[in-house]
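Engineer: show me the folded form of this:
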Amino acid sequence: MYKNKIKFFFILLITFTFISYIFSKEIKIYEGDTFERDLKNFIQTKTKLFLIFFAKNCDYCGYSVRVLKELIVPHYENDDKISFGVINLDRKSNFWIGLKFNITHIPYIVLIEDKKMYLFKEQFEENQVINFINEEKNIEDALDIPEDVGLYKKINFFMANVVQKTSDIFIKWGLSVFWSNVLSFILLILVFIYLVYLEHKLLNAVRKLISYCSKSKNKKEIGRAHV
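Structural biologist: Okay, the predicted model is just below:
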């Protein structure tokens, strides 16, 4: 009887722990596409979203994320009106987000609430962050939530990033910044021309294939007509 009670208590403890783990509030790691979708959802449902934009080489970013995970999130464990997320700007899939939010420094910390965005500017300490989340906001401090940058700007940003990365390689080889940028831009143009050439060749190959299939079909129809 005593052993059965111990087993029951042990099973109950495991079950409770498992349920608590499933429904516990977590920090979501966002990627470009999922972030855009979830952001629209938070705006529509009027749910608060606390975000930290960070980079791996930023020590203060790491400190802020740890404080968020260990001290801030547990404080809102049972509050379903707020969510927490982090975005790694080092990832290529998130480059455009930095452009979209016009991020000039890291960590870039914001609270999205009532279709507005508020920038956290204080030292990242437990009490200051909690006060920032809970306090009534001054609408004059609000920032507009940026719209999607669009495919055109994403492509431009990607190209600018490629030029910058290529330029850094040339600088390591001993070239000046000016000539490194010039050579990187020329190289990008040559790559673009080559891609256009490949596209032209591919289109010609497709046209020839279609023409060949069409001629074969016509020959078969003519042969059937003679029979």
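Engineer: for stretch 58-66, buried residues please.
Structural biologist: By neighbour count with 16 or more other C-beta atoms under 10 Å, stretch 58-66 contains the buried residues Cys58, Cys61, Ser64, Val65. Just so you know, the C-beta spots here come from the backbone N, C-alpha and C atoms, and that holds for glycine as well.
Engineer: the chain: strands as residue ranges?
Structural biologist: For the chain, applying DSSP state E gives strands covering 27-30, 48-54, 82-88, 108-113, 116-119.
Engineer: looking at the ones you listed, which one is packed in the most?
Structural biologist: Ranked by mean neighbour count, the strands of the chain are led by strand 48-54 with a mean of 22 (mean count of other C-beta atoms under 10 Å).
Engineer: so what secondary structure elements neighbour it?
Structural biologist: Contacts defined by 3 or more C-beta pairs under 8 Å, 6 or more residues apart in numbering; DSSP states H and E place strand 48-54 against helix 32-45, helix 59-67, strand 82-88, strand 108-113.
Engineer: recalculate using a threshold of 6 Å.
Structural biologist: Using 3 or more C-beta pairs under 6 Å, 6 or more residues apart in numbering; DSSP states H and E, the elements in contact with strand 48-54 are strand 82-88, strand 108-113.
Engineer: tabulate the ones you listed (a markdown table), appending distance to Asn131 and mean pLDDT.
Structural biologist: A markdown table is the format used below for the helices and strands packed on strand 48-54 (distance: least, C-beta to C-beta, whole Å; pLDDT from 0 to 100):
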| stretch | distance to Asn131 | mean pLDDT |
| --- | --- | --- |
| strand 82-88 | 14 | 91 |
| strand 108-113 | 12 | 93 |
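Engineer: and the furthest pair within the buried residues of stretch 58-66?
Structural biologist: Using C-beta to C-beta, the buried residues of stretch 58-66 reach their maximum pairwise distance at Cys58 and Val65, which is 9.9 Å.
Engineer: ok, back up a step: would you list the helices and strands packed on strand 48-54 in TSV and tack on distance to Met159?
Structural biologist: Output for these, formatted as TSV (distance: least, C-beta to C-beta, whole Å):
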stretch	distance to Met159
strand 82-88	22
strand 108-113	24
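Engineer: for Glu126, which non-adjacent residue is spatially closest?
Structural biologist: Leu71 (4.5 Å; C-beta to C-beta, 6 or more residues apart in numbering).
Engineer: repeat that for Ile130.
Structural biologist: Leaving aside its sequence neighbours, Ile130 sits nearest to His75 (C-beta to C-beta, 6+ apart; 6.1 Å).
Engineer: what count of nearby residues applies to that neighbour?
Structural biologist: 14 (other C-beta atoms under 10 Å).
Engineer: returning to that earlier point: same list, the strands of the chain, but as a markdown table with distance to Phe185 please.
Structural biologist: Formatted as a markdown table, those follow (distance: least, C-beta to C-beta, whole Å):
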| stretch | distance to Phe185 |
| --- | --- |
| strand 27-30 | 32 |
| strand 48-54 | 29 |
| strand 82-88 | 28 |
| strand 108-113 | 29 |
| strand 116-119 | 35 |
